[in-house]
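> coordinates only, no sequence provided:
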C-alpha cells in the first residue's frame with residue numbers, strides 16, 4: 001500500500017527508475033558492438049557486484065541481504081532462470097533496435113498476469129482481457145514483415161519474459177520474507193561468476209578494453225542493476241504496486257527517445273505504430289488490474 005500523502009514522491013522515483021533502466025538498453029547497444037557479448041557481461045556484472053558488495057558492507061546492509069536457509073535451493077533455481085533470461089536479454093539488444101526490444105518487453109507483464117491467474121487463482125476483468133488483446137494486435141503489427149532478425153528477437157524476448165515472470169510468481173509465493181533487493185544482489189553475483197567462467201574457458205573472449213568503454217560500462221551497471229532497482233523498490237514504498245506498474249510500462253517511450261537522440265536508430269513505421277498499440281493495450285490491462293485491486 002502507498003504511504004498516505006506521498007504518491008507524488010512514488011511517481012517521481014518510479015519515473016527516475018524508468019530513466020536509469022532505459023539507459024541500460026542504450027549503453028548495451030552502444031558498447032556491445034565494440035567487444036564480445038561475454039566480455040561485456042563480465043565487466044558489466046563485475047561493476048554491479050562491486051556496487052552491491054559496498055551496499056552490503058555499509059550500515060545495516062548485511063541484515064537486508066540475508067536469505068533464510070530454507071529458501072537457498074529455490075533461490076539457486078531462480079538464479080539459473082535469471083542467468084538464462086539476462087543473457088537472452090542482452091543478446092536480443094545486440095540483435096535488434098533497443099526501442100523495439102523494449103516495446104516487446106512489456107509482454108512479460110501479460111505473462112505474469114496469466115501465470116497469476118493460473119497458479120495464484122487471481123481474478124481478471126474484462127478491461128484486462130481487452131488490453132491483452134490490443135497488446136497482441138500491436139505485437140503482430142510490429143513483427144509482421146519486419147524480417148527474420150526481428151522475429152527471432154521476439155521469440156527470445158518471449159522466452160526470457162516467461163523466465164522472468166516465473167521468478168516473479170515464485171517471489172510472490174515463496175520469498176515473501178526476502179527483500180527484493182537481496183535477490184537483485186545475488187543475481188548480480190551469480191551473473192558475474194557465470195560470465196567469469198565462460199570468459200576463462202572461451203579462448204576467443206578477450207577482456208582488455210579501453211578506459212572510456214570501461215567507464216561507460218561502469219556507469220550503465222550503476223544506473224541499471226543497482227540504482228534502477230533501488231529507485232524502483234523505494235518508489236513502491238510510496239505507491240501501490242498497480243499504480244507503479246502503470247508508470248513502469250511507459251519505459252519503452254524513454255528508450256525510443258534515447259535510441260533516436262543517442263544511437264540515431266528509429267523503428268520502422270509499422271513497428272512504431274505497433275509499439276504504441278502495445279502501450280495502449282498494456283495500460284488498459286494494468287488499469288483493469290488496478291481497478292480490481294481497489295475494489296478488493
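Noted; the coordinates are in hand. Source: prediction; values computed, not measured. Numbers count the residues shown, from 1 in each chain.
> make it CA atoms for all contacts and neighbour counts henceforth
Will do.
> can you pull the contacts of residue 128?
Each residue near residue 128 by C-alpha atoms under 8 Å, 6 or more residues apart in numbering is listed here: 284-289.
> out of those, give me the one that has the most neighbours.
Within these, neighbour counts (other C-alpha atoms under 10 Å) peak at residue 285, which reaches 27 neighbours.
> closest to residue 220 among the contacts of residue 128?
residue 286 (28.7 Å; C-alpha to C-alpha).
> and that closest one, how far is that from residue 267?
Residue 286 sits 25 Å away from residue 267 when distances are taken as C-alpha to C-alpha, to the nearest Å.
> how near is residue 45 to residue 238?
Taken as C-alpha to C-alpha, the span from residue 45 to residue 238 is 29 Å.
> more neighbours, the two?
The neighbour comparison of residue 45 against residue 238 (other C-alpha under 10 Å) goes to residue 45, with 26 against 22.
> so that one is in which element?
helix 37-56 (DSSP states H and E).
> worst-scoring helix or strand of this structure, pLDDT-wise?
Lowest by mean pLDDT, DSSP states H and E among the helices and strands of the chain is helix 61-64, with a mean of 59.
> pLDDT check: weakest of the contacts of residue 128?
Among these, residue 289 has the lowest pLDDT, at 77.
> counting contacts, what elements does the helix or strand containing it pack onto?
Element membership for residue 289, per DSSP H and E: helix 269-295. Using 3 or more C-alpha pairs under 8 Å, 6 or more residues apart in numbering; DSSP states H and E, the elements in contact with helix 269-295 are helix 98-105, helix 126-143, helix 241-248.
> buried ones in that helix?
In terms of neighbour count (16 or more other C-alpha atoms under 10 Å), helix 269-295 has its buried residues at 270-272, 274-290, 292.
> report the angle between it and helix 241-248.
160 degrees (axes from the mean of the first three to the mean of the last three C-alpha atoms, to 10 degrees).
> now helix 269-295, how far from the chain's geometric center?
17 Å (C-alpha atoms, centre = their mean, to the nearest Å).
> likewise stretch 261-274?
20 Å.
> let me see the contact set for residue 184.
225, 229.
> and it, how close does it get to residue 70?
Distance, residue 184 to residue 70, by C-alpha to C-alpha: 19 Å.
> also residue 8?
Applying C-alpha to C-alpha to residue 8 and residue 70 gives a distance of 38 Å.
> neighbour-wise, which of the two wins?
Shown here are residue 8 and residue 70; by other C-alpha under 10 Å, residue 8 has more neighbours (12 against 8).
> and the helices and strands packed on helix 269-295, which is most packed in?
Neighbour counts (mean count of other C-alpha atoms under 10 Å) averaged over each of those peak at helix 98-105, with a mean of 26.
> other residues contacting it?
25-26, 29, 92-93, 139, 153-154, 157, 161, 251-253, 255-256, 259, 266-267, 271, 275, 278-279.
> name the SS class of residue 122, please.
Following DSSP: H, G, I helix; E, B strand; the rest coil, the label given to residue 122 is coil.
> how far off centre is the helix or strand harbouring residue 23?
Here residue 23, judged by DSSP H and E, is contained in helix 7-31. Remark: helix 7-31 is offset 10 Å from the chain centroid, using C-alpha atoms, centre = their mean.
> what packs against that helix?
Contacts defined by 3+ C-alpha pairs under 8 Å, 6+ apart place helix 7-31 against helix 72-95, helix 98-105, helix 211-221, helix 229-235, helix 241-248, helix 251-258.
> export those helices to a markdown table and tack on distance to residue 52 and mean pLDDT?
Putting those into a markdown table (distance: least, C-alpha to C-alpha, whole Å; pLDDT from 0 to 100) gives the following:
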| stretch | distance to residue 52 | mean pLDDT |
| --- | --- | --- |
| helix 72-95 | 16 | 90 |
| helix 98-105 | 25 | 92 |
| helix 211-221 | 11 | 92 |
| helix 229-235 | 11 | 83 |
| helix 241-248 | 23 | 76 |
| helix 251-258 | 24 | 92 |
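> pick the most deeply packed of the ones you listed.
helix 98-105 (a mean of 26).
> residues contacting whichever helix or strand comes after it, please?
Per DSSP H and E, the first helix or strand lying C-terminal to helix 98-105 is helix 107-119. With C-alpha under 8 Å, 6+ apart as the test, helix 107-119 has contacts from 122-124, 132, 158, 161-162, 164-166, 168-169, 282.
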